[in-house]
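Visitor: Sequence plus predicted model, see below.
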Amino acid sequence: MTRGDEPLVDTGFLARVLRYYWISTRQRLVLILLGVLVSFLSSSVIIVSLLPLYYYRGGYIQGYIGLTSYRIAILERYSRIAVLDSIVHLSLMLLVGSFLSIALTVPSMYYSVRGRRVARIALEAAVVGYIVAGLTLALFLSSIRVLLAEVALGLPVSLVEATRFGQLVFHASRGGYTSAGLYALEVARYSLHFSILLVVAAGFLHLYIQRYYEDLLDMPLIDGNFS
Amino acid sequence: MGSRVFLAEAALFLVMLLLLGKPLHLPVALLVVTGSSMEPSLESGDLVIGVSPGLVGGVKIGEIVVYCLDAALRTGCIVHRVIDIHRVGNSLLVVTRGDALQRPDPPVPVSLISYVIVVRIPRIIWVFIVLLLLYVFYRKVLRRLWLLHRGVVFAEPGYIAFLLVAAYLSLNIAYIGMGYVDVTQFNVNLPRVREDVLFNLSSMEASIRVTYDKPLEPVGVPQCSIAGHAAKIIGMENSGNNDKGYLFYTVAMPRQVFLEEWRRLSSEHPPLGGYPAKVASLLFLQCRVRFNYALLKSSYPLSFAWREPLFRYIKGEEAVEIVNNNPVAINVTVAVYSVPSYRKLLVEKVLVKPFTVEKIHLSGHGRLLVRFIYDFLGSPRSYSLQTG
C-alpha cells in the first residue's frame, strides 16, 4: 500500500478500539466527578470491608465482626457462625469489585484531566467501572444490612439459663459499633442512591459511545461530488 | 436452525417464568432448594416443581410442602414434609419437619402452605439451563457484537463495555451462587450447671453440690440466706478436670429462722387434728455462686414437718421418754399421779432441745399416770400414759 492509498479513516482493530473521542469541557467535568465519586466510594468500601465493624466486650461473648473477617469467642471458645461465614465468602466480591471499579475509571479520569481527547477504550472501561461500582455498592448495602442489623444486633449480649433450682445469669457483654462500623452505616445510608446514580450514568455513557460519535465516524467517505 | 433457537428461547422463557412463579403467586412454580434439612429426599441446589394445594386436592400427611413466613411477599420460605395435621376450631394446623431434622417445626395454618411439591429435578439440570442460556446468548447477542469490516474483525462501539459487564455479572452470579447465605440458626452452646442439695435439720446444715462445665470457674465464696437471715458457709471444696468441675459447700442454717417460723405458725393457730399432729412448713435457702462468666442464683426449697413430741414409757427402766423431732426446743410440763388415788406426786418442767430425747425416771412409785402438757404451734396440748 503506497502512501497515496492509505484510507482517510483507519478501520483496523486497534484503531477502532483506541479511537479518540473529542468531548466537551462539561463532559470532562462529569467524567472527573464520576471518577472521583467511584474512587471515593470504592475506597470506602475497601476500608470498611477490611476493618472490624462491631465489637463485643466484657461478658461471656467477646470479639468482633467485620465483612471480611470475624472472631467471636463465647466463653473463651471461638465459634463459627454460618451466616457470618457466608458474608465473609461474599465479601471477596466487594473487594474485587471495588478495586476493579477504581482501576476501570482511572483511565477516563486521566484523559479528562489531560485534555478534550479521550480514548474510546477508556470511556468503555468507565462504563464498566460505574456499573461494577454500582453493583458493588448494592452488594455492600445488603451485606451491611445482614451483618449489622441482623447478625450483630441479633447475637444475645445477655443470657439467662434456667437451672434446676434457679437460674444462671451470664455476665452481659457490651456491644457497640467501631468507628469503621459507624462510617459503614453512613456509607450504606447513601449506597442505594449512589448505586442507582452510577448505573444510570453508565447507561448514558454507553448510549453516548454507541450513538453519537461512532455514528459520525462510521459514515462512508464521500468524495465531495454532491452534484 | 431458526426453530432450534426459538425452542431454546421458549424453554428458557418457561424456566424463567416458573422461577418467578413464587413471588408472582402463580399456581405452579419452580423452586430452588437450599439447605440440608430435607436430605436425602431433597438436596441443596435441586429444583422442585410446586403446585398450589388447591390444584392437588389439599395438603396430606407425608407430602412435601412449601410455606412462607411472609405470605404476601413469599419470603422466608421453608420446604419440609407434613408429619401431622390438627384441627383447632375452624382452622387446620399443619405440622412439618425436615427429613434430616429431629424436631418438628412450629405448626402453621394450612392457609400459609403455598405449594405442594410434585416433582423433584436433580441439581444437574442447572448444567443444561446454563448451556441453554449460553446458546441463546451466543445466537442472539454475541454473534452480533463482532463485525467484519474490510477483512478486519472489530468491536462495535460500546460492546467492549457490554462484554466486560456481562463477564463481571456472570462471575458475580457464579461466585455468589456457589455460596448462598446460610441462615442456619446460630445456637450458643452454653455450659451446663447441675445442682444437688441435701438438708440435715438435726445438724442445721445444708450440703450443696454444683457441677458445672468448663470454662465456668467459681469465684470467691457463695453467699446464702434463709428467710432473710444470712447463712454462714462452713465448708467449701472446689475441684475438677479440663471439661467439668464441681463446687461442694456446706451452709449452716441459723436456728433463729426456725424459731421465727415456729412463732409465725403459732400465731396462725393451724388446725392440728389428732395426736401426733404434723404441720408442713416450707422455707427457701437462697444462694448465689459467682462464676467467672456468670452468676448462679438458686433457691433451694426446704420442706419439712413440725411433729408433735412423742412420749414413751420404758418398762425396764421405769422411765418415760420425750422425743422432740423439731428444730426448736419444746417446754413440756410433766405431772405424775398415783393410780388409783390420782394423788399428784410430781410436777416437773422439762425443756426438750431440738432433735433430742429427754428421759424422766419414775422408780419406786408403783402404778402411775403421767400427763404431759405442752404448747405445740400455739395450741395447748396434753398427752397421758399409764405405767405398770
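Guide: Arrived safely, thanks for sending.
Visitor: show me where chain A has helices.
Guide: When secondary structure is read from DSSP state H, chain A shows helices at A:13-17, A:25-50, A:82-114, A:120-144, A:179-208, A:214-217.
Visitor: and among these, the most buried is which?
Guide: Highest mean neighbour count among the helices of chain A (mean count of other Cβ atoms under 10 Å in any protein chain shown): helix A:120-144, with a mean of 25. Yep, even glycine has a C-beta here, placed from its N, CA and C like the rest.
Visitor: That one - contacts with which helices or strands?
Guide: In this structure, helix A:120-144 makes packing contacts with helix A:13-17, strand A:20-22, helix A:25-50, helix A:82-114, helix A:179-208, helix B:159-178, judged by 3 or more Cβ pairs under 8 Å, 6 or more residues apart in numbering or on different chains; DSSP states H and E.
Visitor: Please produce TSV containing the ones you listed, extended by distance to B:L101 and mean pLDDT.
Guide: Written out in TSV, the entries for these read as follows (distance: least, Cβ to Cβ, whole Å; pLDDT from 0 to 100):
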stretch	distance to B:L101	mean pLDDT
helix A:13-17	57	54
strand A:20-22	61	79
helix A:25-50	35	94
helix A:82-114	15	90
helix A:179-208	35	90
helix B:159-178	25	76
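Visitor: ok, the residue positioned nearest the centre of chain B - contacts?
Guide: Centre of chain B computed as the mean C-alpha position; nearest residue by Cα atoms, centre = their mean is B:R192, 11.7 Å away. For B:R192, the contacting residues are B:Y212, B:D213, by Cβ atoms under 8 Å, 6 or more residues apart in numbering or on different chains.
Visitor: what's the answer for B:P104, then?
Guide: Contacts for B:P104 were tallied using Cβ under 8 Å, 6+ apart; they are B:I83, B:D84, B:V95, B:T96, B:R97.
Visitor: before we move on, the earlier item: let's have the helices and strands packed on helix A:120-144 in JSON lines, adding distance to B:S44.
Guide: Written out in JSON lines, the entries for the helices and strands packed on helix A:120-144 read as follows (distance: least, Cβ to Cβ, whole Å):
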{"stretch": "helix A:13-17", "distance to B:S44": "43"}
{"stretch": "strand A:20-22", "distance to B:S44": "48"}
{"stretch": "helix A:25-50", "distance to B:S44": "27"}
{"stretch": "helix A:82-114", "distance to B:S44": "13"}
{"stretch": "helix A:179-208", "distance to B:S44": "30"}
{"stretch": "helix B:159-178", "distance to B:S44": "11"}
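Visitor: closest to B:I314 out of the ones you listed?
Guide: In terms of Cβ to Cβ, the element of those nearest to B:I314 is helix A:82-114, at 75.8 Å.
Visitor: What is the distance between the closest one and the centre of its chain?
Guide: Put simply, helix A:82-114 sits 5 Å off its chain's centre (Cα atoms, centre = their mean, to the nearest Å).
Visitor: cool, stretch B:57-75 as well?
Guide: Taking Cα atoms, centre = their mean, one finds the center of stretch B:57-75 at 29 Å from the center of the full chain.
Visitor: Can you give the contact residues for it?
Guide: By Cβ under 8 Å, 6+ apart, the list of residues contacting stretch B:57-75 from outside reads B:22-23, B:25, B:31, B:38, B:41-42, B:48, B:50, B:53, B:76-85, B:94, B:96, B:108, B:110-117.
Visitor: model confidence over it, on average?
Guide: When the per-residue pLDDT values of stretch B:57-75 are averaged, the result is 84.
Visitor: If you count neighbours, what's buried in it?
Guide: For stretch B:57-75, the buried set under the neighbour-count rule, 16 or more other Cβ atoms under 10 Å in any protein chain shown, comprises B:V59, B:E63, B:I64, B:V65, B:V66, B:Y67, B:C68, B:A71, B:R74.
Visitor: Nearest residue to B:L55 in space, please, no chain neighbours.
Guide: Distances taken as Cβ to Cβ, 6 or more residues apart in numbering or on different chains place B:P27 nearest to B:L55, at 5.9 Å, with adjacent residues excluded.
Visitor: Give me the neighbour count for that neighbour.
Guide: Residues contacting B:P27 under the criterion other Cβ atoms under 10 Å in any protein chain shown number 12.
Visitor: Quick check: it touching B:V56?
Guide: No - distance between B:P27 and B:V56: 10.3 Å, which falls outside the contact criterion (Cβ atoms under 8 Å).
Visitor: ChimeraX command to pick out the buried ones of the contacts of B:P104?
Guide: Command for ChimeraX that selects the buried part of the contacts of B:P104, burial taken from 16+ other Cβ under 10 Å:
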select /B:95,96,97
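Visitor: Format the contacts of B:P104 as JSON lines; extra columns: secondary structure and pLDDT.
Guide: Converted to JSON lines, those look like this (DSSP: H, G, I helix; E, B strand; the rest coil; pLDDT from 0 to 100):
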{"residue": "B:I83", "secondary structure": "strand", "pLDDT": "91"}
{"residue": "B:D84", "secondary structure": "strand", "pLDDT": "90"}
{"residue": "B:V95", "secondary structure": "strand", "pLDDT": "91"}
{"residue": "B:T96", "secondary structure": "strand", "pLDDT": "91"}
{"residue": "B:R97", "secondary structure": "strand", "pLDDT": "90"}
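Visitor: Pull the contacting residues for A:I209.
Guide: A:I209 touches A:Y21, A:R120, A:L123, A:E124, A:V127, B:P157, B:G158, B:A161, counting by Cβ under 8 Å, 6+ apart.
Visitor: Confirm for me that A:V160 is in contact with A:H171.
Guide: No - between A:V160 and A:H171 there is no contact under Cβ under 8 Å: 11.2 Å.
Visitor: Show me where chain B dips below the pLDDT cut-off.
Guide: B:1-2, B:141-156, B:176-187, B:364-365 (pLDDT under 70).
Visitor: quick one: the strands in the stretch 1-150 of chain B?
Guide: Per DSSP state E, counting those that start in this stretch, the stretch 1-150 of chain B carries strands over the ranges B:28-32, B:47-51, B:64-70, B:75-88, B:91-97, B:108-109, B:113-121, B:146-149.
Visitor: how far off strand B:113-121 does the third one point, in degrees?
Guide: When axes from the mean of the first three to the mean of the last three Cα atoms, to 10 degrees is applied, the directions of strand B:64-70 and strand B:113-121 differ by 130 degrees.
Visitor: cool, the fifth one as well?
Guide: For the pair strand B:91-97 and strand B:113-121, the angle between their directions (the same axes, to 10 degrees) equals 40 degrees.
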